[in-house]
Structures are given as C-alpha cells and as structure tokens.
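here are the coordinates; sequence isn't available:
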C-alpha cells in the first residue's frame, strides 16, 4: 500500500505553521506522522518545495492541466487518484492501511534546545 498526498503551495512541508493553523492540516500532519512511524509508505509533497514530484507524476500533471492548482490536494493510493480537492479523512486512511483511527492522532514531538549562555 502506497499513499501519496500532493499538497497545494504552502509555507512549509506540513502547512502547520504561521499564526493561524488550519485544523485540517494539523489532522493530516498527525495522521501522516503516525502512519510513517508505523512503517507505512505515505508521503506528502508540497508544490512550493517539491515541484518535481508534481511534474514527474502523470496523473498529477493531468489534473493540474485540467483543473489548475485549485484541484489540490490530490491523494493517490497505489498510483490511482482517490481524492481531489480535499484531504483523505482519518477513516479513509485507517481503512486503506488497516489501522484504527485512534492510531492516527500521534503528534510529532519537537525537541527544543536553549543555549542559556546566549540569553
């Protein structure tokens, strides 16, 4: 099972940055992180930082040519288009990967280091 999510242009790889974070992006980032940690093949590509992933995929190129960037996000499952214009739900992801939806809510932990000598 391989899932690829092609995101619209965003300021960072997850879109979970800036002063007002879209809860949908937080949900997707948590699900992708949780599935990746379990060893599943799931990838997200950001149009801003990874344009080659879009250009090299015939299905994504076709969708962008037909509908433009407003068609994003697009989700492929085993190279087949499953969703256009919206992210997969946690229920869809759990069905595709055979896991419980509760397993998709782990949040990435960010380690911060503070150099007190600089303060």
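Nice, I can see it. All figures in this text were calculated on a predicted structure; none of them were measured in a lab. Numbering: from 1, shown residues only.

Show me where this protein dips below the pLDDT cut-off.
11-21, 107-119 (pLDDT under 70).

got the residue ranges for the helices in it?
Secondary structure of the chain (DSSP state H): helices located at 23-37, 51-55, 58-67, 90-97.

out of these, nearest to residue 9?
Nearest to residue 9, of all these, is helix 51-55, at 9.3 Å by Cβ to Cβ. C-beta here means a position set from N, CA and C on the backbone, and glycine is covered the same way.

Touching, residue 35 and residue 98? I think so.
No - with contact defined as Cβ atoms under 8 Å, residue 35 does not reach residue 98; the gap is 10.8 Å.

So for those two, which residue has more residues nearby?
Between residue 35 and residue 98, counted using other Cβ atoms under 10 Å, residue 35 has the larger neighbour count: 22 against 8.

give the contact list for residue 43.
3, 4, 5 (Cβ atoms under 8 Å, 6 or more residues apart in numbering).

ok, it to residue 102 distance?
Residue 43 is 23 Å from residue 102, where distance means Cβ to Cβ, to the nearest Å.

Likewise for residue 36?
Using Cβ to Cβ, residue 36 is found at 17 Å from residue 102.

the more surrounded of these two?
Higher neighbour count among residue 36 and residue 102: residue 36, with 15 against 10, using other Cβ under 10 Å.

quick one, what contacts the more buried one?
Counting by Cβ under 8 Å, 6+ apart, residue 36 has contacts residue 42.

which residue sits closest to residue 67, ignoring its sequence neighbours?
With Cβ to Cβ, 6 or more residues apart in numbering as the criterion, residue 67 has its nearest non-adjacent residue at 7.5 Å, and that residue is residue 84.

tell me, how many neighbours does the one you found end up with?
Residue 84: 14 neighbours (other Cβ under 10 Å).
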